[in-house]
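Peer 1: Quick one: sequence plus predicted model below, questions after.
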2 protein chains.
Amino acid sequence: MPATVPTSARTVSDVIRVRYDSLTRAEKQLADSLLENYPVSGLGSITVIAENAGVSTPTVARMVQKLGYKGYPEFQSHLHQELEATISSPIAKHDRWASNAPGTHILNRFADAITANLRDTLSELDTPTFEGAAALLRDRSRGIYFVGGRITGALAEYFFTHMQVIRPKTTLISTNSSSWPQHVLNMSAGDVLVIFDIRRYEQEMATLAEAARANGVVIILFTDVWASPVAKHAEHMFKVRIEAPSAWDSSVITLFVVEALIEAVQSSTWAETRERINSLEGLFERSRLFRRPGRQTRPD
Amino acid sequence: MPATVPTSARTVSDVIRVRYDSLTRAEKQLADSLLENYPVSGLGSITVIAENAGVSTPTVARMVQKLGYKGYPEFQSHLHQELEATISSPIAKHDRWASNAPGTHILNRFADAITANLRDTLSELDTPTFEGAAALLRDRSRGIYFVGGRITGALAEYFFTHMQVIRPKTTLISTNSSSWPQHVLNMSAGDVLVIFDIRRYEQEMATLAEAARANGVVIILFTDVWASPVAKHAEHMFKVRIEAPSAWDSSVITLFVVEALIEAVQSSTWAETRERINSLEGLFERSRLFRRPGRQTRPD
DNA sequence: CCAGTTCTGAAAATTTCTCTTCAAGGGCGT
DNA sequence: ACGCCCTTGAAGAGAAATTTTCAGAACTGG
């Protein structure tokens, strides 16, 4: 029974999955263990792998040969190559960028910065904050207000646009602070105020937060690691990394957190949301001429 | 001469860099090789590492001991741990996420999606498109117009807000299509129209593009991989990946490209931009009360 | 319940890796 | 230029990993 040589186009995990049904009990146990924390689980020696999976070393040796590799070393070297492809800066392999400039291309430097920001932001973010904020935004008995500064106003608008589709009682507060007092007047206790205040903090933003807070409004704050003065009034705070190889700060990760929050709110209230979306779609299609070419709503 | 045991808080690469000056010629050669494609370059056996660096195996064994590791296996296991931390979804190490949900936490799934989107988008993006668009946006003799759809309007606004600081003659076109004809009337040949048109393409957007094109306006388009109908009128097109584990599409990577473009334009016209920024800062500071707590402008 | 087949891990055999020793090579101060 | 000391790699000893062998265990079909 000659083992099929794995196509070079395939990853090791693909090979394992394709051949999974033809594996024996101990081998399946091993395969599961390998896939569990793939591909890092395959880094150690054959002995370590075997121990982690709770099987003997001969089982490992047999299986990799069964999968089409000459031996464990060859198997592992495939894994290493995959790791290399995954690890290296997203476009490291596309040397057209690198070869083009003396330093690295702007896109590359941005990509590195964004990746680092993502990692750092997530490692500092804790579940209670995220879940707490999501729970507040999910609660349809509360009114939700969004406000941002000169730069972050666009993020507030983006967040608002989505939440407006998902739930009622959402309001976008203009970046222009002259309208703020009226909005505070409209807020009731238990309402939620989502504030974006990053770097160049706006003093008036803290005043707004304080006033709202005094009215029993709960505040969710998006800020950078230095924390805006709004922080002391905020119930939930997202400290986002904004470093970029640029004269400006990056809002990419802030948008990332916003989108994750949108999904967290949306997915837990899908039944109710679906109805709103359908109505909305109807309104859109009646008032315009186009049909949508791609999916916008969830498949099923 | 007891070697300093590397602080557990430090990464292997940190240890190497800290001790770099105390390394010998062959060891530096080895260190360079290791850092070159860190940490993947350290995956193989001591023999492979030595060959790749062009040194002998004893050199490797000696250096890792000099760095404070008991031997090569220990050194490598540190590398493996780092890889594991790096590879696995940014927060996998913070098992508080994983333990919290049956599947993976939303943040983790989003992080994975965004990383994949970034990689795919960059690999499909070519230099001429990017440089070409940057050159157009840099040209102060051209007027620049920004327009987006219901969702992407916020991105257009974000782009506009930054470009407005950098250069004159920038205009944000409302998402509401009723105002579009007047804007077309104002455009002159050579002006640039930046269009965001993603998924749920708006038919009127293609009409706008066609009309503008007829007036000699150059179009830069941000769209998804399916390409909006505007594509046939566009001079430069950015096909961005927008997949997300969500009922909605992700704009994170689109924002990423926008920010990279902003920096590309900005950095090549810094002298002129600086003056604008300074004036603007003056205006801001005169009209408001605050002082900025962090840096906003470039350090030097 | 039995015979045949397949699977599995202990243990040995083999290969490879890692480390130590040691002599040659090279730099530096005198 | 000489000698000292540090550096370096070749070679071998020792350790570990990998593979093979083989006998018992587990399963299957009658």
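Peer 2: Okay, I see it.

Peer 1: just for chain A, where's the confidence low?
Peer 2: Screening chain A residue by residue with the criterion pLDDT under 70, one finds the ranges A:1-10, A:85-104, A:281, A:284-300.

Peer 1: which parts of it sit against DNA strand D?
Peer 2: For chain A, the residues in contact with DNA strand D under the definition CB under 7 Å from any atom of the strand are A:45-48, A:57-58, A:60-62, A:64-65, A:70-73, A:76. Bear in mind the C-beta positions are built from the backbone N, C-alpha and C, glycine included.

Peer 1: how about the residues you listed, which pair is most distant?
Peer 2: A:V48 and A:K70 (20.3 Å; CB to CB).

Peer 1: Which parts of chain A are helices?
Peer 2: A:12-19, A:25-36, A:46-53, A:57-66, A:72-87, A:95-98, A:106-124, A:127-138, A:153-166, A:180-186, A:203-214, A:252-268, A:270-287 (DSSP state H).

Peer 1: what packs against the second one?
Peer 2: Based on contacts counted as 3 or more CB pairs under 8 Å, 6 or more residues apart in numbering or on different chains; DSSP states H and E, the elements that helix A:25-36 packs against are helix A:12-19, helix A:46-53, helix A:57-66.

Peer 1: okay, these in a markdown table with mean neighbour count and distance to DNA strand C next?
Peer 2: As requested, the helices and strands packed on helix A:25-36 are arranged in a markdown table below (neighbours: other CB atoms under 10 Å in any protein chain shown; distance: least, CB to the nearest atom of the strand, whole Å):
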| stretch | mean neighbour count | distance to DNA strand C |
| --- | --- | --- |
| helix A:12-19 | 17 | 13 |
| helix A:46-53 | 18 | 8 |
| helix A:57-66 | 19 | 4 |
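
Peer 1: Any idea which of these gets closest to B:V258?
Peer 2: For the helices and strands packed on helix A:25-36, distance to B:V258 was read as CB to CB. The smallest value, 34.4 Å, belongs to helix A:12-19.

Peer 1: so that closest one versus helix A:57-66, what angle?
Peer 2: Using axes from the mean of the first three to the mean of the last three CA atoms, to 10 degrees, the interaxial angle of helix A:12-19 with respect to helix A:57-66 works out to 90 degrees.

Peer 1: how much distance is there from helix A:12-19 to the middle of the chain?
Peer 2: Averaging C-alpha positions (CA atoms, centre = their mean, to the nearest Å) puts helix A:12-19 27 Å from its chain's average.

Peer 1: Not counting its own residues, what contacts that helix?
Peer 2: Residues outside helix A:12-19 that contact it (CB atoms under 8 Å, 6 or more residues apart in numbering or on different chains): A:4, A:6, A:10, A:31, A:34-35, A:38-39, A:42, A:66-68, A:75, A:78-79, A:82.

Peer 1: Partner strands of the longest strand anywhere in chain A, with direction?
Peer 2: Ranked by number of residues, the top strand in chain A under DSSP state E is strand A:218-224. In its sheet, strand A:218-224 lies beside strand A:192-196 (parallel), strand A:236-240 (parallel), with partners assigned from DSSP bridges.

Peer 1: Can you report phi and psi for the residue in chain A that DNA strand D sits nearest to?
Peer 2: Nearest residue of chain A to DNA strand D: A:G71, at 2.0 Å (CB to the nearest atom of the strand). Main-chain dihedrals, A:G71, degrees, to the nearest 10: phi -170, psi 180.

Peer 1: doesn't A:R62 make contact with it?
Peer 2: No: A:G71 sits out of contact with A:R62 when judged by CB atoms under 8 Å, with a separation of 10.7 Å.

Peer 1: Not counting residues beside it along the chain, what's closest to the residue in the stretch 51-200 of chain A that DNA strand C sits nearest to?
Peer 2: Among all residues of the stretch 51-200 of chain A, A:S56 sits closest to DNA strand C, at 3.3 Å; criterion: CB to the nearest atom of the strand. With CB to CB, 6 or more residues apart in numbering or on different chains as the criterion, A:S56 has its nearest non-adjacent residue at 5.9 Å, and that residue is A:A50.

Peer 1: Run a quick check on the one you found versus A:T59, I expect a contact.
Peer 2: Yes: counting by CB under 8 Å, A:A50 touches A:T59, with 6.7 Å between them.

Peer 1: Mutual contacts of those two, please.
Peer 2: For the pair A:A50 and A:T59, residues contacting each of them under the criterion CB under 8 Å, 6+ apart are A:L30.

Peer 1: what about the longest strand of chain A, distance to the chain center?
Peer 2: Distance of strand A:218-224 from the chain centroid (CA atoms, centre = their mean) equals 18 Å.

Peer 1: if we look at that strand, which residues are touching it?
Peer 2: Strand A:218-224 has contacts (CB under 8 Å, 6+ apart) with A:133, A:136-137, A:142, A:152, A:155, A:190-199, A:201, A:209, A:212-213, A:228, A:230-231, A:233-242, A:249, A:254, A:257-258, B:294.

Peer 1: if we can go back for a sec, how about the helices and strands packed on helix A:25-36, which one is nearest B:L107?
Peer 2: So among the helices and strands packed on helix A:25-36, helix A:12-19 is nearest, using CB to CB, at 23.2 Å.

Peer 1: Report the inter-axis angle for the closest one versus helix A:25-36.
Peer 2: Per the same axes, to 10 degrees, the angle that helix A:12-19 makes with helix A:25-36 is 140 degrees.

Peer 1: backbone phi and psi for the nearest residue to A:N117 once chain neighbours are set aside, please?
Peer 2: Leaving aside its chain neighbours, A:N117 sits nearest to A:R241 (3.8 Å; criterion: CB to CB, 6+ apart). Dihedral pair for A:R241: phi -80, psi 130, per degrees, to the nearest 10.

Peer 1: List the contacts of A:R241.
Peer 2: A:R241 makes contact with A:116-118, A:120-121, A:224-225, A:253 under the criterion CB under 8 Å, 6+ apart.

Peer 1: Go ahead and confirm A:L23 touches A:M63.
Peer 2: Yes: with contact defined as CB under 8 Å, A:L23 counts as touching A:M63 (7.0 Å).

Peer 1: and for these two, which residues touch both?
Peer 2: When CB under 8 Å, 6+ apart defines a contact, the residues bordering A:L23 and A:M63 alike are A:A31.

Peer 1: residues in contact with A:S77?
Peer 2: Neighbouring residues of A:S77 by CB under 8 Å, 6+ apart: B:G44.

Peer 1: about what we covered before: so among the contacts of A:R241, which ones count as buried?
Peer 2: Judged by neighbour count, with 16 or more other CB atoms under 10 Å in any protein chain shown as the criterion, the buried members of these are A:117-118, A:120-121, A:224, A:253.

Peer 1: Among the residues you listed, find me the one that's closest to B:L283.
Peer 2: In terms of CB to CB, no member of these lies closer to B:L283 than A:D224, at 23.7 Å.

Peer 1: Pull out the buried members of the contacts of strand A:218-224.
Peer 2: Among those, the ones that count as buried by 16+ other CB under 10 Å are A:133, A:136-137, A:142, A:152, A:155, A:191-199, A:201, A:209, A:212-213, A:228, A:230-231, A:233-242, A:249, A:254, A:257-258.

Peer 1: from memory A:D249 sits against A:I242, does it?
Peer 2: Yes: counting by CB under 8 Å, A:D249 does reach A:I242; the two are 4.0 Å apart.
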